[in-house]
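S.K.: predicted model and sequence follow; I will ask about them next.
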Amino acid sequence: MMQRFACVLLVASAVLLGLVVPSGAASLQRRETNAQRFARGLPPLPPIRRTSTDTAKRSQASPQVQTGKPQPPPSGRLEVRWAVNGSVAGYIANNATAGPIGLNLNPDPNQLPDCDLHVEYSDSSLVALDAKFPAPFYVGGNGTLPLAAGSPNTIEFINVEAGPWAAVWALDWNTGVLNATWTNPDGSKDQPSLAYDPALNALNFTGDFTALYNLISPPTQYLVNLFLVSP
């Protein structure tokens with residue numbers, strides 16, 4: 001009799017365990033990144049829009065310990081600032097024909113909300129979320145010239161395929177600044193500067209901005225910095 005009771009108890013425990021485990025397993029699933037979706041041939045996820053309901057839910061959740069300054073979001077717009085004074089030059093444009101090569105020079109995103117490109121930062125890459133331009137959807141540099149110190153060489157800032165020309169970015173979570181590391185043909189690595197040409201409304205990576213600035217008189221390109229900012 002005791003053996004039969006033990007068997008029944010064991011079966012019941014197994015059934016209860018089967019009901020509980022899937023729920024726990026489901027909670028461990030993480031949101032798939034757009035980089036992973038592109039690798040599987042799927043379209044990007046839509047941008048996350050925060051609502052008052054989301055804010056209320058976050059306020060009711062358990063508090064999280066944060067250190068340092070508030071972290072910028074992992075997705076948003078690409079803001080370009082003049083290096084000389086830190087003022088905003090514009091935002092990377094969502095150009096249907098040319099891709100992300102120029103700036104929307106209107107600093108007020110509410111006036112032209114659909115003109116700015118929104119991206120997600122993932123695996124050292126910037127992936128376009130709402131691109132009006134055709135694939136590829138990664139933002140990086142297109143070229144094979146070495147970008148070494150002392151060199152005025154330039155490489156175009158544009159949409160590229162996933163790979164070494166895309167996985168060049170490092171995000172500073174305290175400031176939102178994006179810095180690039182470029183791998184040269186000989187395998188050496190350098191941290192290029194970002195230059196903006198107002199006449200062409202185009203951005204370029206350069207190995208040495210001072211060398212580039214002094215190459216043409218009067219100068220046509222100016223030093224800028226790139227930031228990931230809230231939508």
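M.R.: Here it is on my side, so go on. What you see is a predicted model; the values in this text were computed from it and never measured.

S.K.: tell me the contacts of A96?
M.R.: 132-133 (Cβ atoms under 8 Å, 6 or more residues apart in numbering). Backbone N, C-alpha and C define where each C-beta goes, glycine included.

S.K.: SS state for it?
M.R.: coil (DSSP: H, G, I helix; E, B strand; the rest coil).

S.K.: what is the burial count for P134?
M.R.: Using other Cβ atoms under 10 Å, P134 has 10 neighbouring residues.

S.K.: just S87 next, same as before
M.R.: The local packing of S87 (other Cβ under 10 Å) involves 8 other residues.

S.K.: ok, it to S188 distance?
M.R.: Distance, S87 to S188, by Cβ to Cβ, to the nearest Å: 34 Å.

S.K.: likewise A170?
M.R.: Taken as Cβ to Cβ, the span from A170 to S188 is 17 Å.

S.K.: now do the phi/psi pair for the residue nearest to D186 when sequence neighbours are not counted.
M.R.: Nearest-residue entry for D186: P146, 7.1 Å, with adjacent residues in sequence omitted and distances by Cβ to Cβ, 6 or more residues apart in numbering. For P146, the backbone dihedrals (degrees, to the nearest 10) come out as phi -70, psi 140.

S.K.: with A170 instead?
M.R.: Torsion angles at A170 (phi, psi; degrees, to the nearest 10) stand at phi -130, psi 130.

S.K.: for it, give the beta-bridge partners.
M.R.: Taking DSSP bridges as the rule, A170 bridges to N179.

S.K.: can you check R77 too?
M.R.: H118, V229.

S.K.: do a quick rundown of the strands in this structure.
M.R.: 75-82, 88-92, 103-104, 118-122, 125-128, 138-142, 154-160, 169-171, 177-180, 182-183, 189-190, 193-197, 202-206, 222-229 (DSSP state E).

S.K.: which of those strands sits most buried?
M.R.: strand 125-128 (a mean of 26; mean count of other Cβ atoms under 10 Å).

S.K.: in its sheet, what does that strand sit against?
M.R.: Checking strand 125-128 against DSSP bridges gives partners strand 118-122 (antiparallel), strand 138-142 (antiparallel).
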